Structure formats: structure tokens, C-alpha cells
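K.L.:
with the sequence up front, the predicted model follows.
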Amino acid sequence: KAGVTQTPRYLIKTRGQQVTLSCSPISGHRSVSWYQQTPGQGLQFLFEYFSETQRNKGNFPGRFSGRQFSNSRSEMNVSTLELGDSALYLCASSSENRDEQFFGPGTRLTVL
Amino acid sequence: GENVEQHPSTLSVQEGDSAVIKCTYSDSASNYFPWYKQELGKRPQLIIDIRSNVGEKKDQRIAVTLNKTAKHFSLHITETQPEDSAVYFCAAIKGAQKLVFGQGTRLTINP
């Protein structure tokens, strides 16, 4: 089975721009969660999608949004980028019982 | 909501010695506790997990213990090797809630 994939792997943007990141889960997994990882804050939960619906949401501003498609692929969007948004964005997929989560390689976002 | 505290933030041990990382959680209803290992530049990977109906689980050199009364769980690595050097994250989850991670422990194995 192919693992979780994320595109792009690296991204450089400037303040004020917007960005869209993509995550393809393991085949058969319907849950996709997104995390922001920074050196000082560890792994911060952004949101989780299951069957095209947002099931859980973390404490991030409304500039961070996401969606999930019928094939379980998910995208997250960050609008009006700020310098503090520079981070590694990880997605993870899990099967219906939602226990073990499998992480993708991440997208390294740098905001200049 | 759930809160997970992880200690220590950094740990350095001699090769061959044991390493212990501890986590506490706040929600007594949490029922699944995974541990992830993240090597430099790589994705987090599950190394062991434990459910609330079990007190201890072992997989070769790695073991996890859970004390539900005290609401803490620990990762034990015996006979440490250089490849054990990484950042380790504990996490807790309750049912369909979000997975909450600890802050991570940077483990360094000194040869």
C-alpha cells in the first residue's frame, strides 16, 4: 500500500499571499488530520476531516481552512500569510477506527 | 479539553543504557496512547501504542507503561543504540476527539 503523500514538499511565499497544500491519504483511509510543526510549539492540531466533513478543529485563526474531497484527498489553505506561519505542515491519515495515524512527509512552508 | 505534558524535553544517555520518557494527561476518559519517533528531516512514525485496558506493552527493546489512576504513561527504551537518537512524541486521544501530542523529547545516544 502506498503511504501518505503531500505536495508540494517545499514552498516559499511572501507575507500576504495565500497557499494551498495537498494531502493524499493511504488508500481506504477516510480520516485526514493536519498538524503544524514548529521547533518551539511541537505538533499543533489544525483540523480533521472525515468523509468530506470537518470533524475536529484546533485553535487556529480562520485564515487556516481545509476541505476533503470524495476520494478522501484533502487540501488545506492558508490566506494572508504571516511570517509566523513558517512551519512544517504534516498531514496524517487513519482508518475508520481512528487510532493509528500515518503521517505524510510534510510540506515545508517558508514565509518571507 | 485534553492536555498532555511530556518530560524531559531533552535526554542524553550513554549507548547501552536505558532511557525513560514520561507523559501525563488530563482527561481520564482518554483511551489510546501512542508514541511516535521522528528522526531528523523525517516524518513521525508510530513505534508503540497502548490502550486504556492494558497496563504495559512491550516490543523488543521498547516498552510502554500506563497508570490510569495517576494519568501518566511512560516510554522505556532499553539497551539504547545510536539509531534511537530522535525526537519522541507521546499523544493521547479519547474516542473521536482529536489526537493531542506532548511537546516532544529530543533523545541523544552518546557512543
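P.N.:
Perfect, I can see it now.

K.L.:
from now on I want contacts and neighbour counts done on CA atoms only, so please keep to that.
P.N.:
Fine.

K.L.:
report pLDDT for the residue nearest the centre of chain A.
P.N.:
Using CA atoms, centre = their mean, the residue of chain A that lies closest to the mean C-alpha position is residue A:34, 3.4 Å off. We note a pLDDT of 96 for residue A:34 in this prediction.

K.L.:
residues near residue A:93, how many?
P.N.:
Per other CA atoms under 10 Å in any protein chain shown, the neighbour tally for residue A:93 reads 33.

K.L.:
what sits against it?
P.N.:
Contact analysis of residue A:93 by CA atoms under 8 Å, 6 or more residues apart in numbering or on different chains lists A:4, A:25, A:26, A:29, A:30, A:31, A:32, A:33, A:101, A:102, A:103.

K.L.:
those residues: which ones sit near chain B?
P.N.:
Restricting those to those touching chain B (CA under 8 Å from any CA of the partner chain) yields A:101, A:102, A:103.

K.L.:
secondary structure, pLDDT and neighbour count added to the residues you listed, as a markdown table?
P.N.:
Compiled in a markdown table, those are given as follows (DSSP: H, G, I helix; E, B strand; the rest coil; pLDDT from 0 to 100; neighbours: other CA atoms under 10 Å in any protein chain shown):
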| residue | secondary structure | pLDDT | neighbour count |
| --- | --- | --- | --- |
| A:101 | coil | 89 | 21 |
| A:102 | strand | 92 | 21 |
| A:103 | strand | 95 | 26 |
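
K.L.:
identify, from these, the entry nearest to chain B.
P.N.:
Each of these was checked against chain B using CA to the nearest CA; the closest is residue A:103, at 6.2 Å.

K.L.:
what's across from the closest one in the sheet?
P.N.:
For residue A:103, the beta-bridge partners under DSSP bridges are residue A:92.

K.L.:
contact partners for it?
P.N.:
A:4, A:90, A:91, A:92, A:93, B:43, B:44, B:45.

K.L.:
for chain A, which residues are neighbours of chain B?
P.N.:
Those residues of chain A that sit near chain B, judged by CA under 8 Å from any CA, are A:41-45, A:48, A:56-57, A:98-106.

K.L.:
got a ChimeraX select line for the buried ones in the residues you listed?
P.N.:
For the buried members of the residues of chain A next to chain B, the matching ChimeraX selection, counting by 16 or more other CA atoms under 10 Å in any protein chain shown, is:
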select /A:42,43,44,45,48,56,57,98,99,100,101,102,103,104,105,106
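
K.L.:
can you pull the residues of chain B lying near chain A?
P.N.:
Residues of chain B lying near chain A (CA under 8 Å from any CA): B:32, B:34, B:42-46, B:96-104.

K.L.:
if we go to 10 Å?
P.N.:
B:31-34, B:36, B:41-46, B:48-49, B:51, B:89, B:93-105 (CA under 10 Å from any CA of the partner chain).

K.L.:
tell me the secondary structure at residue A:89.
P.N.:
Under the three-state scheme (DSSP: H, G, I helix; E, B strand; the rest coil), the conformation of residue A:89 reads as strand.

K.L.:
for it, which non-adjacent residue is closest in space?
P.N.:
Nearest non-adjacent residue to residue A:89, counting by CA to CA, 6 or more residues apart in numbering or on different chains: residue A:36, 4.7 Å away.

K.L.:
centre of the chain to stretch A:10-23, how far?
P.N.:
A distance of 12 Å separates the C-alpha centroid of stretch A:10-23 from that of its chain, computed with CA atoms, centre = their mean, to the nearest Å.
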